[in-house]
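> structure here, sequence nowhere to be found:
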C-alpha cells in the first residue's frame, strides 16, 4: 500500500503538472493574443503605426457636417429645435466648411461648381479679366477653406461692409472686383479691367463663397478669419538678412528670382511673387503686414508657423520691395504697367483714382 | 587609463567622415546646378553604364538590368524615364555621399564621376518610356485622388500636386515627376521619409508630408499616382 501510494503520487503529480502547464499555456496564449489585439504593446514601445491622423480628422469633419445636414433637414416644431443646432467645427475648433460631397445638384450646384473652378483657376475660367499668373486659391488656400489663410467661409457673412480702402460700403461683388483689379491685375488682361457689374462670374464665385459658409453664423468675426495680425517686428528691415531668409526658405518653390515655377505644360505650380505676372501694387498682399501674416501662418506650404515672426516680416518686406505692376489707381497712363523698384507706396506719379 | 587615448584616436578617426557628411549635405540648389552642368555633357557617355561595359564579365550592375531598357523600373525600382535631369543627378550624388541610402545604389554610385552622373541624368531625363505602372497595393483610389489633388489640410497636408505640378509631372529640378511612378517605389519612399531613413528633401518638405500619412494613405496615394500617365515629351520639344 505504502509503496503503491508512493509510486502513484509522483505519477499523479506529473499528470497534474502537465495539466496545469497546458492550462497555463492556453491562458497565456489567450491573454497574449488579447493584448496584441489591443495594440497596447507596440503603442507602449512607440512602434505603432501612426494612428492615421488624416483619417481621424477627416472622420470628424465628415461626422460634424453630416450631423449638421441631418439637423437642418429636420428643423421645426416636430424635429430639431433651432437652439440645439450647433456650428460645425473641425478638430482645431475652426468652422468646418461643407465637403465637396455636400454640393447640391441642379442649377445651384452648377453655379457653385463654376465658381469653384474660377476660384481655383481664374486664368482659364475667367480669362478675359485676368492679367497675371495668379489664382484666388494662391492666397485663399485649400480652395478658400483653410483657417488663417483668409477662408471664404469667414468672409461670406461680413459683407456688405464699409471699407476705408475705398471709403464706401462694399458688397461681396465689390470685393471680388477688387481681387480682379489688384490681385489678378486685370489691367494687363484681355479686356483691361475686371468683369463688369452683374457679370455671371460674380454670381458663380459668390455662389461658391456663400456655399462654403453653409452653417456659419452671419456677421460674426469667426476665429481663423483673414490672416493673423503679427506684432511689429523687433528688428528693422534689412535687405541682406531678408534676402538670405527668402533664399533659404522660399526660393526652392518660387525661384531665386521670385517668378514662380511652371510644369512642362506651362502651368504654374508655384505663383510668381513679383514682376509682371504677379499681383499689382494695389493688392492686399502688397501690404507688408498682410503678407507677413499670410507667410507666418502658411509658408512654406505644408510647414505652417515654421518661420519666426521676424522672418515672416523680413520675407514680406523683401517680396514687396521688388518690381510689380503698378496700382491702377495710381496711373493715368495705362501704358506704364510696371512700377519702378522700391516699396509700392513710393511708386507711381499719376492721379489717385478711387477703386471700383 | 589607456582607454582614454584609444577613445580619442577613435573619435579623431571617426570625426572627419561625420563632419564631411554634414558639409556635403546638398542644398536643393544643387539640382539646378547639376541640370545646368548636364546640358553640356554627352549623354552617350552613359551608354556603357546603362547597358554594361561590353568588356566586363559582370553586367549585373548595368542600370538597365534593374531599371529596364526604357528606364521604366519595376516594383520598388523607380521609373527614371522623364524625371528631371537635376533630380536624377542629385540623387546619384546623394547616394555617393551617403546622404541617401540604399545598398545597391550606394554600391553603384560609389565609383561614378561627376561627368558620368551628369550623363546618366541627361540620358534618363530625355527618355519617354510608355506608361508601365499599375495600381498594385490595394489602396483606396478615391482617397488617393483626394490626397494627390486636394491634400488634407486638417493635418497641414498640402496636395501632392501643389509641389509636383498640376499633372504630377514634376516642377523644376527639385520636385520630381510622381505620376506614373511604380506604386511600390512611391510607397517605400513615403515610408522611408516617415521613418527618417530618407531625409534629402528640400526644407524637409517630404518628411513633414510623410509624417502625416498613415500606411493606408500611403498605399492609396501610391496606387492613385500609378493610375496616372507619366510625363510625356510634348511634340514641340521632340
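Structure received. Note that the coordinates shown come from a computational prediction; the quantities given were computed from them, not determined experimentally. Residues are numbered from 1 along each chain as shown, chains lettered A, B, ... in the order given.

> can you name every helix or strand that the helix or strand harbouring residue B:187 contacts?
If you go by DSSP states H and E, residue B:187 is part of helix B:183-195. Here helix B:183-195 touches helix B:205-211, helix B:215-226, going by 3 or more C-beta pairs under 8 Å, 6 or more residues apart in numbering or on different chains; DSSP states H and E. For the C-beta atoms, the positions are set from N, CA and C on the backbone; glycine is no exception.

> where exactly do the helices run in the stretch 51-200 of chain A?
Counting by DSSP state H, counting those that start in this stretch, the stretch 51-200 of chain A has helices at residues A:53-73, A:106-120, A:122-125, A:136-139, A:141-144, A:152-155, A:172-178, A:200-212.

> and stretch B:76-83, end to end?
Terminal residues of stretch B:76-83 are spaced 16 Å apart (C-alpha to C-alpha, to the nearest Å).

> quick one, phi/psi of the residue nearest the centre of chain B?
For chain B, the residue nearest the mean C-alpha position is residue B:91 (5.6 Å; C-alpha atoms, centre = their mean). Dihedral pair for residue B:91: phi -60, psi -40, per degrees, to the nearest 10.

> okay, now residue A:322: neighbour count?
17 (other C-beta atoms under 10 Å in any protein chain shown).

> what helix or strand does it sit in?
Residue A:322 belongs to no helix or strand when assigned by DSSP H and E.

> so how far is residue A:246 from it?
Per C-beta to C-beta, to the nearest Å, residue A:322 is found 10 Å from residue A:246.

> do residue A:204 as well
Taking C-beta to C-beta, one finds residue A:204 at 36 Å from residue A:246.

> walk me through the domains of chain B.
Following automatic domain parsing, chain B resolves into domains at B:27-126, B:141-237.

> residue A:137: which of these is closest?
domain B:141-237 (10.1 Å; C-beta to C-beta).

> out of the helices and strands packed on helix B:183-195, nearest to residue A:126?
Residue A:126 lies closest to helix B:215-226 among the helices and strands packed on helix B:183-195, at 29.2 Å (C-beta to C-beta).

> centre of the chain to that closest one, how far?
With C-alpha atoms, centre = their mean, to the nearest Å as the basis, helix B:215-226 stands 17 Å off its chain's centre.

> for stretch A:19-30, same thing?
On the basis of C-alpha atoms, centre = their mean, stretch A:19-30 sits 56 Å off its chain's mean C-alpha point.

> kindly report the same for stretch A:241-254.
Between the centre of stretch A:241-254 and the centre of its chain there are 22 Å (C-alpha atoms, centre = their mean).

> can you pull the phi/psi pair for residue A:261?
Torsion angles at residue A:261 (phi, psi; degrees, to the nearest 10) stand at phi -140, psi 140.

> if you could redo that for residue B:75, that was the one I meant.
Backbone torsions of residue B:75, given as degrees, to the nearest 10, read phi 50, psi -120.

> hang on, it packs against residue B:182?
Yes - using C-beta atoms under 8 Å as the test, residue B:75 is close enough to residue B:182 to be in contact (6.2 Å).

> in terms of neighbours, single out the busier of the two.
Set side by side, residue B:75 and residue B:182 show more neighbours around residue B:182, with 23 against 13, by other C-beta under 10 Å.

> residue contacts, that one?
Contacts for residue B:182 (C-beta atoms under 8 Å, 6 or more residues apart in numbering or on different chains) come out as B:73, B:74, B:75, B:76, B:77, B:78, B:79, B:132, B:133, B:226.

> from those, which is closest to residue A:161?
The closest of these to residue A:161 turns out to be residue B:226 (C-beta to C-beta; 48.5 Å).

> check contacts around that closest one.
Residues counted as contacts of residue B:226 (C-beta under 8 Å, 6+ apart) are B:133, B:134, B:135, B:136, B:180, B:181, B:182, B:183, B:186.

> ramachandran coordinates for residue B:175?
The phi/psi pair for residue B:175 (degrees, to the nearest 10) is phi -110, psi 100.

> tell me the bridge partners for it.
Beta-bridge partners recorded for residue B:175 (DSSP bridges): residue B:171.

> that one contacts residue A:270, doesn't it?
No - with contact defined as C-beta under 8 Å, residue B:175 does not reach residue A:270; the gap is 9.1 Å.

> neighbour count winner among the two?
residue B:175 (28 against 24).

> ok, residue A:126 to residue A:117 distance?
As judged by C-beta to C-beta, residue A:126 and residue A:117 stand 9 Å apart.

> more crowded one of those two?
A count of neighbours by other C-beta under 10 Å puts residue A:126 above the other of residue A:126 and residue A:117, at 28 against 16.

> torsion angles phi and psi at the more buried one?
Phi and psi for residue A:126, reported as degrees, to the nearest 10, are phi -140, psi 40.

> that one and residue A:194 touch, don't they?
No - Residue A:126 lies out of contact with residue A:194 (C-beta under 8 Å); the separation is 9.4 Å.

> can you flag the buried ones in the contacts of residue B:226?
B:133, B:135, B:180, B:181, B:182, B:183, B:186 (16 or more other C-beta atoms under 10 Å in any protein chain shown).

> the third one: what's it in contact with?
If a contact means C-beta under 8 Å, 6+ apart, then residue B:180 has B:79, B:131, B:132, B:133, B:168, B:225, B:226, B:228, B:229, B:230, B:231 as its contacts.

> where does it fall, helix, sheet strand or coil?
Here residue B:180 takes the coil state, with states given by DSSP: H, G, I helix; E, B strand; the rest coil.

> confidence score at it?
At residue B:180, the pLDDT value in this model is 96.

> what of the last one?
Reading off the per-residue confidence, residue B:186 sits at a pLDDT of 97.

> so it sits against residue B:222, correct?
Yes - if you go by C-beta under 8 Å, residue B:186 and residue B:222 touch, sitting 4.1 Å apart.

> what is the least confident helix or strand in chain A?
Taking mean pLDDT, DSSP states H and E as the measure, chain A has helix A:40-45 as its least confident helix or strand, at a mean of 53.
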